[in-house]
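Enquirer: coords below, sequence missing:
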């Protein structure tokens with residue numbers, strides 16, 4: 001059976017509103033675009049169950065006791081596709097339920113959790129989690145990744161059914177607004193979660209002229225605010241407010257080495273803001289040196305070089321990253337995998 005108007009799709013995620021992160025953004029846009037095509041999209045998320053806080057990040061809630069309800073939802077939901085987005089208890093329960101019910105399912109690879117583990121615990125943890133990634137994803141009919149680099153990485157882990165599905169950027173980012181405040185120029189911005197895996201301290205300690213701004217929140221925010229009093233911390237911003245504050249930027253600095261795509265990269269480029277980053281999965285799939293940013297081990301050098309780049313060329317480089325095209329590709333790769341479940 002092909003995916004068509006009336007088809008039913010279930011997204012399973014361990015992260016959902018009020019959390020603000022890339023996974024939530026992706027699911028929201030996919031759901032909207034797929035429903036425009038006449039399909040039914042349900043989201044199974046922690047808010048529907050009793051939860052407990054995750055010790056490392058207390059804002060994340062874990063649905064530890066949801067196994068039976070998840071199995072029932074999958075069994076009784078008459079879904080044509082079950083797509084699992086995360087690594088938490090709900091993802092594991094949904095995976096187990098589909099296997100027991102002999103129901104095909106697909107998965108998406110959003111976070112390089114093996115690199116998160118290395119940042120926090122060392123090389124031994126990364127190697128262990130790489131093996132867990134293979135175990136976790138291998139039963140899926142298809143694993144979707146957002147870049148060629150991520151696909152190559154998962155194939156290197158031993159997975160065989162991996163397809164690329166690029167993300168999109170909200171159309172509001174293609175209209176540049178006005179910065180709400182006057183800052184000393186040039187303005188360098190970090191946008192993302194304030195946590196060790198984002199390598200934010202490389203940005204905060206960088207010797208850059210002008211002003212450094214951090215947009216986002218996370219477990220390290222209070223500590224880093226006190227350590228770096230000359231940096232402007234704006235906290236979480238969304239929608240029009242986010243666009244306005246981003247319009248203050250001359251350069252987006254992305255020091256993270258653990259992203260799979262870096263949604264903030266295409267959002268910045270859509271606003272005509274060049275990006276300085278390391279040559280890692282995500283940035284190296286989007287950034288072209290001298291066109292829309294610079295990739296360099298020296299993040300300061302990359303950031304300064306970005307000041308000479310054309311905003312128009314930055315915007316042009318991501319004009320094809322739309323959520324409509326992203327949804328079309330998502331449905332297309334799901335359709336191509338139908339009938340291939342192990």
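Expert: Right, received. Where do you want to start? Just so it is clear, the model here is predicted, and its values are computed rather than measured.
Enquirer: in this protein, which spans are strands?
Expert: 8-12, 40-44, 52-53, 61-62, 81-84, 106-108, 142-145, 162-164, 187-191, 211-215, 232-235, 251-254, 275-277, 293-295 (DSSP state E).
Enquirer: Of these, which is nearest residue 99?
Expert: strand 81-84 (11.1 Å; CB to CB). No exception for glycine: its C-beta is placed from N, CA and C like everyone else's.
Enquirer: Give the partner strands of the closest one in its sheet and their orientations.
Expert: strand 8-12 (parallel), strand 106-108 (parallel) (DSSP bridges).
Enquirer: Comparing those, which comes out most buried?
Expert: strand 106-108 (a mean of 25; mean count of other CB atoms under 10 Å).
Enquirer: How about the contacts made by the residue nearest to the spatial centre of the chain?
Expert: What sits nearest the mean C-alpha location of the chain, by CA atoms, centre = their mean, is residue 22, with 3.7 Å. Listed by CB atoms under 8 Å, 6 or more residues apart in numbering, the contact partners of residue 22 are 110, 261, 263.
Enquirer: Any stretches of the protein with poor pLDDT?
Expert: 1, 339-342 (pLDDT under 70).
Enquirer: mind giving me the domain ranges of it?
Expert: The record assigns the chain these domain ranges, following automatic domain parsing: 8-168+322-337, 171-316.
Enquirer: could you dump these to TSV with distance to residue 2?
Expert: Converted to TSV, the domains of the chain look like this (distance: least, CB to CB, whole Å):
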stretch	distance to residue 2
domain 8-168+322-337	6
domain 171-316	28
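Enquirer: Go through the strands paired with strand 81-84 and name the closest to residue 231.
Expert: With CB to CB as the yardstick, what comes closest out of those is strand 106-108 (33.5 Å).
Enquirer: Once you drop chain neighbours, what's closest to residue 315?
Expert: Of all residues not flanking residue 315 in the chain, residue 272 sits nearest, at 5.1 Å (CB to CB, 6 or more residues apart in numbering).
Enquirer: ok, the one you found to residue 287 distance?
Expert: Distance of residue 272 to residue 287, given as CB to CB, to the nearest Å: 14 Å.
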